[in-house]
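>>> Okay, here's the prediction I keep looking at, along with the sequence it came from:
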Amino acid sequence: MVLEILRRLGLSNGEIKVYSALLELGKSTINMVHEKTGIERRNIYDILNKLIERGLITYAIENKKRFFQVTHPNKIIGYIEEKKHEIEEIEDDVKKEIPSIIKKFEFKKAEIRAETYTGTEGIKAVFEDMLNYKIGYFIGGGGYVVTNLPFFWKTYNKRRIKSGVVWYNLGREDLKGHPIIKEKNIHTRFLPKEFNVNPSVIFIYGNKVANILWGEEFFAFLIESEKIAENYKKYYKYLWDHVAKSR
């Protein structure tokens, strides 16, 4: 059933084989994927890049080696929301299958992880992951998701509100007057103008810290660590209580 859903989402046979292999193996090298699938190494590189662009997998570099793994399976639901008019008839089937995929994902997930996301779909994958947590904190928010991904934001924000997800945003000074600060369950205070530097934002949610660069090419580096996330939450609290202003 999982393979059929991925096929109906438009993935090629090679993409399905690689995604399924990573789902079974967990964090893996190119050689491990090659041994699992039998696909030629030069073709695996192309397939992995396509899956990264779709936001369905990510990678981390450890000891100068790349390790690939699937992103949170809820990304599949987000993918559907954007293309609902094309694949509406398969939505229920996907949602039924997601719990079994999540179970495999959670079983194989490492205790401490570092992930890299690139491109539009990679950034969307980070936002989809945030829907799994009721509270999110932002440092340096500038409303970039609304500006850069307006169609995605429209459907995504509806799901965020419906899920009861609350965001606390330490926004840049130039965020004043931006429509995002009026959205439901988004609380904003403003940092001094000295923080108006590069379009870079820190997301803190659960045990995760993501550094997002909204440049010409979107890029995100995410670390999952309870201790690191706890430290960032302390930094956030100090900025919220002692530095930021309500208006």
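Arrived safely, thanks for sending. Values in this document were obtained by computation on a predicted structure and should not be read as measured data.
>>> distance of Lys103 from Arg189?
In this structure, Lys103 and Arg189 are 39 Å apart, going by CB to CB, to the nearest Å. To be clear about C-beta, it is placed using only N, CA and C from the backbone, and glycine gets the same treatment.
>>> Looking at these two, which has the bigger crowd around it?
Arg189 (17 against 11; other CB atoms under 10 Å).
>>> Excluding chain neighbours, give the residue nearest to the more buried one in space.
What sits nearest to Arg189 in space, not counting adjacent residues and going by CB to CB, 6 or more residues apart in numbering, is Ala244, at 3.6 Å.
>>> what's the neighbour count on the one you found?
Neighbours of Ala244 (other CB under 10 Å): 19.
>>> Same question for Phe68.
Around Phe68 there are 24 residues (other CB under 10 Å).
>>> Show me the domain layout of the chain.
Residue ranges for the domains of the chain, per automatic domain parsing: 2-110, 117-243.
>>> Comparing those domains by mean pLDDT, which bottoms out?
With a mean of 80, domain 2-110 has the lowest mean pLDDT of these.
>>> okay but Val166 is in contact with Tyr133, surely?
No - the criterion here is CB atoms under 8 Å, and Val166 misses it with Tyr133 at 9.8 Å.
>>> Now the terminal residues of stretch 168-179, how far apart.
Stretch 168-179 stretches 15 Å from its first residue to its last (CA to CA, to the nearest Å).
>>> Now do the buried residues in that stretch.
168-172, 175, 178 (16 or more other CB atoms under 10 Å).
>>> can you list contacts of it?
Here stretch 168-179 makes contact (CB atoms under 8 Å, 6 or more residues apart in numbering) with 135-143, 146, 180-181, 186-193, 195-196, 236, 239-240, 244, 247.
>>> contacting residues for the residue nearest to Arg189?
Taking CB under 8 Å, 6+ apart, one finds 170, 189-191 in contact with Ala244.
>>> Tell me which of those residues fall in strands.
170, 189-190 (DSSP state E).
>>> So which of those is the closest to Trp153?
Nearest to Trp153 among the ones in strands among the contacts of Ala244 is Leu170, at 19.4 Å by CB to CB.
>>> Give me the distance between that closest one and Ile181.
12 Å.
>>> overlap in contacts of the two?
Joint contacts of Leu170 and Ile181 (CB under 8 Å, 6+ apart) are Thr188.
>>> And stretch 34-48, what's buried?
Buried residues in stretch 34-48, counted by 16+ other CB under 10 Å: 34, 36-37, 39, 44, 47-48.
>>> got the contact list for it?
The contact list for stretch 34-48, computed with CB under 8 Å, 6+ apart, reads 12, 14-15, 17-18, 21, 24-25, 28, 30-31, 33, 57, 59, 68.
>>> tell me the two of the residues you listed that are most distant?
Ser12 and Asn31 (21.5 Å).
>>> if I look at the residue nearest to Arg189, how far off is Val166?
Relative to Val166, Ala244 is positioned 17 Å away (criterion: CB to CB).
>>> likewise Ile228?
For Ile228, the distance to Val166 - CB to CB - is 22 Å.
>>> Look up phi and psi at the residue nearest to Arg189.
phi -70, psi 150 (degrees, to the nearest 10).
>>> What distance do you get for it to Ile77?
According to CB to CB, Ala244 stands 34 Å off from Ile77.
>>> do Ala125 as well
For Ala125, the distance to Ile77 - CB to CB - is 11 Å.
>>> Same check on Thr147?
Taking CB to CB as the measure, Thr147 falls 24 Å from Ile77.
>>> These two: which is more packed in?
Using other CB under 10 Å, the more surrounded residue of Thr147 and Ile77 is Ile77, with 16 against 13.
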